[in-house]
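K.L.:
Below are the sequence and a predicted model for it; my questions follow.
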Amino acid sequence: MVIDIQTLIETLKLEGSEKTSELSHMVLESIAANKDNIIMTELMVEMLQRNALLNRQLEMKIREVERLSVTDQLTGLFNRRRFLDVFVAEMDRMVRYNNAFSLIMFDIDHFKQVNDTYGHDVGDFVLQELSREVGNRLRSSDTFARWGGEEFMILAPETGESKALELAEILRKFVESHDFSPVPLLTCSFGIVVSSDENLKTIQELTKAVDEALYEAKHTGRNRVVSFSDLRDELKEEVKVTTSEEYDS
């Protein structure tokens, strides 16, 4: 087969892997056929090398775009989109292998005051420093994400409620004692839920439950840890007391 300029031009119009494959095929044919023009062979080899370089550069750019699409730009943590992808995968894993996991949702207390008092640059610094330091205290298997604003979420695989409570308390104490200068004192409130809760079957139910636990922590003094199971037990006890009082009256 004699390869002419027109054939080479048509090949260069192809896209991606198809172009690479066809160029490689043409080079091998050209080398195998002694009658082919050596200049054409060298030209095709050069084209193949350039195309391979462009493909590598394109792959690198695609990876970077993919990374940015799942990363919070300010903190470098996973964003909510990526966290939900992991959440879905962990739910499937739990169903298949019966491995429970815990969700820890936390929120910076009075963060608006930080921005109002010290400015948004300091607020951004607090978010970045908190993200970095909390991330350093998690396992490599844990997924840590910025949920939105000053809210964060941790998914801890194969972690029951007692261990989740222990982790949340470690993080709470760390934040309370860490130097976030010029902010004199920073605290966080934490909510916890465990996937093994029989009353919580879906991602939506688990997310709502951990949000309710966090809400309770915020509205009962802040700078504390509340588990959804304790919150539910308290609500049941309140219902019992109310029912008893109504019966006595």
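P.N.:
Structure's in. What do you need?
K.L.:
all helices for the chain, in order.
P.N.:
Counting by DSSP state H, the chain has helices at residues 5-12, 16-32, 38-69, 80-97, 111-118, 120-136, 161-177, 203-218, 228-248.
K.L.:
Now the weakest link among those, please, by mean pLDDT.
P.N.:
In terms of average pLDDT, helix 5-12 trails the rest of these, at a mean of 52.
K.L.:
Name the nearest residue to Gly83, ignoring sequence neighbours.
P.N.:
Not quite, residue 83 is Phe, not Gly. Of all residues beyond its chain neighbours, the one nearest Phe83 is Ala145 (3.7 Å), with distances taken as Cβ to Cβ, 6 or more residues apart in numbering. For every residue, glycine as well, the C-beta is placed using N, CA and C.
K.L.:
ok, now which ones touch Met153?
P.N.:
Contacts for Met153 (Cβ atoms under 8 Å, 6 or more residues apart in numbering) come out as 80, 83, 103-105, 144-145, 147, 210.
K.L.:
What is the nearest of those to Lys173?
P.N.:
Ile104 (14.3 Å; Cβ to Cβ).
K.L.:
how far away is that closest one from Pro182?
P.N.:
Separation of Ile104 from Pro182 (Cβ to Cβ, to the nearest Å) stands at 28 Å.
K.L.:
next one: Val134
P.N.:
Val134 is 20 Å from Pro182, by Cβ to Cβ.
K.L.:
out of the two, which sits in the busier spot?
P.N.:
With neighbours defined as other Cβ atoms under 10 Å, Val134 and Pro182 compare such that Val134 has more, 21 against 12.
K.L.:
residue contacts, the more buried one?
P.N.:
Neighbouring residues of Val134 by Cβ under 8 Å, 6+ apart: 144, 152, 171, 174-175.
K.L.:
just Gly76 next, same as before
P.N.:
128, 131.
K.L.:
Kindly report the same for Glu90.
P.N.:
Contacts of Glu90 (Cβ under 8 Å, 6+ apart): 101, 155, 157, 195.
K.L.:
Share the number of residues neighbouring the second one, please.
P.N.:
So that's Leu155. 21.
K.L.:
what sits opposite it in the beta ladder?
P.N.:
Bridge pairing for Leu155 (DSSP bridges) gives the partners Leu103, Thr143.
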